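Peer 1: mind looking at a prediction? Sequence and model below.
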Number of protein chains: 2
Amino acid sequence: MPGSQPKPTLRSHFAGRRVLITGGLGFIGSNLARRLVRWGAQVTLVDSLIPEYGGNLRNLAGLQGRVHLNLSDVRDRHSLPVFVRDQHYLFNLAGQTSHMDSMNDPETDLEINARSQLSILEACRRHNPSIRVVFASTRQLYGRPDSLPVNETHPLRPVDVNGINKLAGEHYHLLYHRVHGIRSTVLRLTNTIGPRMRIRDARQTFVGVWIRNLLQGEPFEVWGGEQLRDFTYVDDCVEAMLLAASSDAAAGEVFNLGGPPPVSLLQLAELLVAVHGSGSFQMRAFPADRKKIDIGDFYADWTLIQRTLGWKPRTSLRSALARTLDFYRKELTHYL
Amino acid sequence: MPGSQPKPTLRSHFAGRRVLITGGLGFIGSNLARRLVRWGAQVTLVDSLIPEYGGNLRNLAGLQGRVHLNLSDVRDRHSLPVFVRDQHYLFNLAGQTSHMDSMNDPETDLEINARSQLSILEACRRHNPSIRVVFASTRQLYGRPDSLPVNETHPLRPVDVNGINKLAGEHYHLLYHRVHGIRSTVLRLTNTIGPRMRIRDARQTFVGVWIRNLLQGEPFEVWGGEQLRDFTYVDDCVEAMLLAASSDAAAGEVFNLGGPPPVSLLQLAELLVAVHGSGSFQMRAFPADRKKIDIGDFYADWTLIQRTLGWKPRTSLRSALARTLDFYRKELTHYL
């Protein structure tokens, strides 16, 4: 497992250092926190625990007393200077991630994904300009790809309110690097899967709902089925974030993350059932309201971060699904 | 003068129609209002009259009683549905335009240029989805050009907070067209000059301060001097807005505006002094804080709007400067 055999050099950047994670009770944030605590970092988590978002207290199981948890919202601009001061690293992961929610309530998406990012960066500029920041962005910015795989020079044409606001959040991070010298790195994430992801509904990823249904013995729904997608296992995502935070070459840069070769949704569904050993799914036509903001096939070209930081996805899709299923077989009740 | 010989077909779109202009007391908004009133439209102006922005009650001189003026701020989301309901056209021009102000107070820029745009579009979607909208965007979205002239396919790389937020505002307009059917057109304006522009300071355009100093008998300052810029005369800009609002071919599209062949700032300064018949200027190095967010040479390729809507800049730079100087010779005291 990539996480259990870290390079000594990467680990040494974080041992004893102060690290702030916004969205720290969420899927990626909590996996990152677990790694950092194991490495001896002093970790502070900020999370709003909004029920529709990714935060879950269960994600901290076993870490109680070993991290500082502050339940608050990144929209609360007055607390941000307190959190940001004296930190060596900021992993800025708090966000509204649902595309449909962003269309139904665009102002909330803007408040979280754009306005709060500006507040966080202003707090860094005023109170801790030497902090290193990693911002979790999204492949959603690219919109419908002109060609595949998609690299970082592809035009940015967001197809929903979430993509527009995440694009603003990304631009702020790059601007504050360029103009104010805040060492920020942007990672554009594709579908990320693994233990501690939200499985209650499809707000974070449709794979979550598939796994929930599978483990509850119910058929899951595959919409369309032909679309190509790539998947990053969460441990690989965490490693990319740690590499980005610790490397001078990453400051002011934008990197795609990606995964093993892409699969169609139908192939993913078949693989999931095969790995689990049983289960079934139903094919459904793509709902009309989602089709309007759908991006079609997508998979990322991640050679830039490979060349620059030496990152690559190490976990096969089969292993990623197997580990995720293992986790939820034991933990299902805590995530429903 | 382009405004005094309108095509009957363009005029006929607006006679007797209800038109809302946000930022209606500003430079472009008031010139647009004057044309529309002359053409028999029922015009409502919304303006905040924030002292640092472009609104000026003097811009309405002669129109009293012929327009409906509502002093309010586009950030006031509760009044927007009232304004939007029952309008045939919305010219959405309210904005924070100062690049330096956006860097010093980024949240205010975001509130006006991004969040309020979302509120306006939500009001259109809920209360008047058949409205036609023209949004005033900016060449600032392009950042430092890769090549000249810049057409609409040039990558968007805003170099300041203002550019980032205007980009979000632009994206919202296009998204609400694509997903919700609101017929929006985006015009990316370059430097626009003419009567009723702000001359008190450089918040709207540096040309304003030049003219003020010239008319007050003081030397004006030319920063750098080598940079190439293009200039649209305000009557030409107004005509583009009216064409965009009235043409089905414009819905969901983005068009650059531009002007006669570009000139260097030094050439512009020399032409301005020549047209005025006297005056002087001083060359200054570019200030460091502005250099960080400067875009270098810029001039727009406006052939797309020419091909699609038949627009072209009709006013020479010399005529534009002469008419502007004429206006401020009479009106100077009202604009200081």
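Peer 2: Everything's here; your move.

Peer 1: and the residue in chain A sticking out farthest from the centre, what helix or strand is that in?
Peer 2: Computed with Cα atoms, centre = their mean, the residue of chain A farthest from its C-alpha average is residue A:278, at 28.9 Å. Following DSSP states H and E, one finds residue A:278 outside all helices and strands.

Peer 1: angles on the backbone of it, please.
Peer 2: phi -160, psi 170 (degrees, to the nearest 10).

Peer 1: contacting residues for residue A:70?
Peer 2: With contact set as Cβ atoms under 8 Å, 6 or more residues apart in numbering or on different chains, residue A:70 has these partners: A:44-47, A:79, A:83. Placement of C-beta: from N, CA and C, glycine included.

Peer 1: what's the burial count for residue A:16?
Peer 2: If you count neighbours by other Cβ atoms under 10 Å in any protein chain shown, residue A:16 ends up with 10.

Peer 1: isn't there a helix covering it?
Peer 2: No. Per DSSP: H, G, I helix; E, B strand; the rest coil, residue A:16 lies outside any helix segment and is coil.

Peer 1: apart from its neighbours in sequence, what residue is nearest residue A:252?
Peer 2: residue A:177 (4.1 Å; Cβ to Cβ, 6 or more residues apart in numbering or on different chains).

Peer 1: pLDDT check: weakest of the contacts of residue A:70?
Peer 2: In terms of pLDDT, residue A:79 ranks lowest among the contacts of residue A:70, with 81.

Peer 1: pretty sure that one is touching residue A:72, no?
Peer 2: Yes. With contact defined as Cβ atoms under 8 Å, residue A:79 counts as touching residue A:72 (5.4 Å).

Peer 1: wait, residue A:315 sits on residue A:236?
Peer 2: Yes. In terms of Cβ under 8 Å, residue A:315 counts as a neighbour of residue A:236; the distance is 5.6 Å.

Peer 1: near chain B, which residues of the stretch 1-150 of chain A?
Peer 2: Residues of the stretch 1-150 of chain A found near chain B, taking Cβ under 8 Å from any Cβ of the partner chain as the criterion, are A:103, A:106-107, A:110-111, A:114-115, A:118-119, A:122.

Peer 1: mind redoing it with 10 Å?
Peer 2: A:77, A:103, A:105-107, A:109-111, A:114-115, A:117-119, A:121-122, A:125 (Cβ under 10 Å from any Cβ of the partner chain).

Peer 1: if any of these are buried, give me the ChimeraX selection for them.
Peer 2: Written as a ChimeraX command, the selection of buried residues from the residues of the stretch 1-150 of chain A next to chain B, which uses 16 or more other Cβ atoms under 10 Å in any protein chain shown, is:
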select /A:77,103,106,107,109,110,111,114,115,117,118,119,121,122,125
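
Peer 1: tell me which two of the residues of the stretch 1-150 of chain A next to chain B sit farthest apart.
Peer 2: A:103 and A:125 (32.1 Å; Cβ to Cβ).

Peer 1: just the helices in chain A please.
Peer 2: Assigned by DSSP state H, the helices in chain A fall at A:8-14, A:27-38, A:80-84, A:99-104, A:106-110, A:116-127, A:161-180, A:206-215, A:234-246, A:265-276, A:288-291, A:303-309, A:317-331.
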